[in-house]
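Q: Fold the following, please.
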Amino acid sequence: MKLIDWFKGKVTQLIERLKEPISLKAKLLIIALILVIVSGGGFVSYKFYDFTQNNPKFCVGCHLMQPAYDTWAQSEHKSLNCHDCHHLTVPEQNQLLISFVLHRPTQVPERHKGQVIVNSSYCNRCHTEGKAKRINKSLFHAKHVYMEQIECTECHGEVKADKSGLHHFLPTEKFCTKCHKGKQVHGEGMGGLACINCHTDRTKDLKPGRLKCLYCHSRDESIKKQLKEEATMDVRFFAPDAPTIKKAIKIVFDEKAPMQFYCYECHKPHTPGKVKPHSEDCLRCHTGVTKIGKHKVHLNMDMQCKDCHKPHVWRVTEASAKKDCVACHEYRSPRAFF
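A: Predicted coordinates for the structure are as follows:
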């Protein structure tokens, strides 16, 4: 009881003293002390907030994030901090903090497994409106991002079960087949190529243009130069290696040849057995050719159209007739064919 009475007495004395007038000096000291406490506390709070929101080292404070931190430090985005791309709500942040403090998890929570939590809107801030490499003029992105509303992370930053690919933003070579089922390549020597090795950012339908095919199938070095000059995706990230180009069959494309359409009109690398065209493929367009000259006779002999009409040139000339036609019969002028 004596201790309680003593405490009550001290409180009474303090209240009585507070009722006494405070000198100007005392008021200034109190105000200064309050300002120091508030400003100091505010500065510490700001530094703590800045560290948690803008410093990637805060994220690596959780040992589970070490692989992500290491791959980020080697990535194209190493000049950015984690929060420029990854955004969590306040409840999600608090939930992670409580989980980290109380449960000390040994693996990444389920919500984070196997995915990169980055909405396309954050990518567009830099790659559409900002100073990063623009995707505005890319037909690939126009179709997949703007028209079909596919999330950027469906193609970029794919993370596999073993964490390989984490913060590696270049698409994998066969990433297209995740959506385009059954589109594996059956072409001779083309099976291991990346999809973008053939499909181009220069045609509206994204199918390979003639130049893209001639990148490997021509000896003309100016074609490679032309493809590299414009800032499209064509050969900036994916290009066949030198051994693949060397093994590719070389052709001479004649700008005056009668056939001027895209290569894929005849060659079907995604269809087994259709990589190279056969006579039946030719006859789908040339329906009336069997009624002209000796075509029917030759086709009935199980000859292929390309036995006489050499691919990519097509015209039977006097010189070619003297070389090819005489393999079966004596020379006759192509003009006498009709």
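Q: The host helix or strand of residue 284: what's the following helix or strand?
A: Here residue 284 sits within helix 279-285, counting by DSSP states H and E. Using DSSP H and E, the helix or strand that follows helix 279-285 in sequence is helix 295-300.
Q: Name the residues that touch the helix or strand following that next one?
A: Scanning forward in sequence from helix 295-300 by DSSP H and E, the next helix or strand is helix 305-308. With CB atoms under 8 Å, 6 or more residues apart in numbering as the contact definition, helix 305-308 has outside contacts at 277, 279, 282, 283, 298, 316, 324, 325. Every residue, glycine included, has its C-beta placed from N, CA and C.
Q: how near is the first one to residue 265?
A: From residue 277 across to residue 265, the span is 9 Å (CB to CB, to the nearest Å).
Q: same deal with the second one?
A: With distances defined as CB to CB, the gap from residue 279 to residue 265 amounts to 16 Å.
Q: Looking at the two, which is more packed in?
A: residue 279 (16 against 12; other CB atoms under 10 Å).
Q: Can you name the residues that contact that one?
A: Applying CB under 8 Å, 6+ apart, the residues contacting residue 279 are 299, 303, 304, 305.
Q: If I look at the third one, what pLDDT would I see?
A: Pointing back at residue 304 there. At residue 304, the model reports a pLDDT of 90.
Q: Hmm, it is touching residue 278, no?
A: Yes - in this structure, residue 304 is within contact of residue 278 by CB atoms under 8 Å, at 6.6 Å.
Q: Any stretches of the stretch 101-250 of the chain with poor pLDDT?
A: 106-117, 158-165, 230-232 (pLDDT under 70).
Q: could you pull out the helices for it?
A: Ranges of helices within the stretch 101-250 of the chain are 120-127, 139-141, 210-217, 221-229, 242-247, based on DSSP state H, counting those that start in this stretch.
Q: Compare these and give me the one nearest residue 189.
A: Closest to residue 189 of the helices of the stretch 101-250 of the chain is helix 242-247 (CB to CB; 5.6 Å).
Q: sorry, back to before: any idea which of the contacts of residue 279 has the most stuff around it?
A: Top of these by neighbour count (other CB under 10 Å): residue 305, with 20 neighbours.
Q: Around residue 323, count how many other residues there are.
A: 12.
Q: ugh, typo on my part, it should be residue 209
A: 21.
Q: how much space between it and residue 221?
A: Distance from residue 209 to residue 221, by CB to CB: 18 Å.
Q: residues touching residue 55, list them.
A: residue 81.
Q: Angles on the backbone of it, please.
A: The phi/psi pair for residue 55 (degrees, to the nearest 10) reads phi -120, psi 110.
Q: can you check residue 137 too?
A: Per degrees, to the nearest 10, the backbone of residue 137 is at phi -100, psi 10.
Q: going forward can the numbers begin at 47, since that is how I track them
A: With 47 as the first residue, the last one maps to residue 183.
Q: For it, give its distance to residue 279.
A: From residue 183 to residue 279 the distance is 10 Å (CB to CB).
Q: okay, those two: which has more neighbours?
A: residue 279 (17 against 11).
Q: now the residue nearest to the more buried one when sequence neighbours are not counted: how far from residue 254?
A: Spatial nearest neighbour of residue 279, chain neighbours left out: residue 247 (4.4 Å); criterion: CB to CB, 6 or more residues apart in numbering. For residue 247, the distance to residue 254 equals 11 Å [CB to CB].
Q: And for residue 180?
A: Distance from residue 180 to residue 254, by CB to CB: 24 Å.
Q: Same question for residue 131.
A: Residue 131 is 33 Å from residue 254, by CB to CB.
Q: Check residue 184 too.
A: 16 Å.
Q: Looking at those two, which is more packed in?
A: residue 254 (22 against 18).
Q: The top helix by length along the chain: what's the following helix or strand?
A: Counting residues, the longest helix found in the chain (DSSP state H) is helix 70-100. Downstream of helix 70-100, the next assigned helix or strand under DSSP H and E is helix 102-105.
Q: I'm done for today, thanks for sticking with me.
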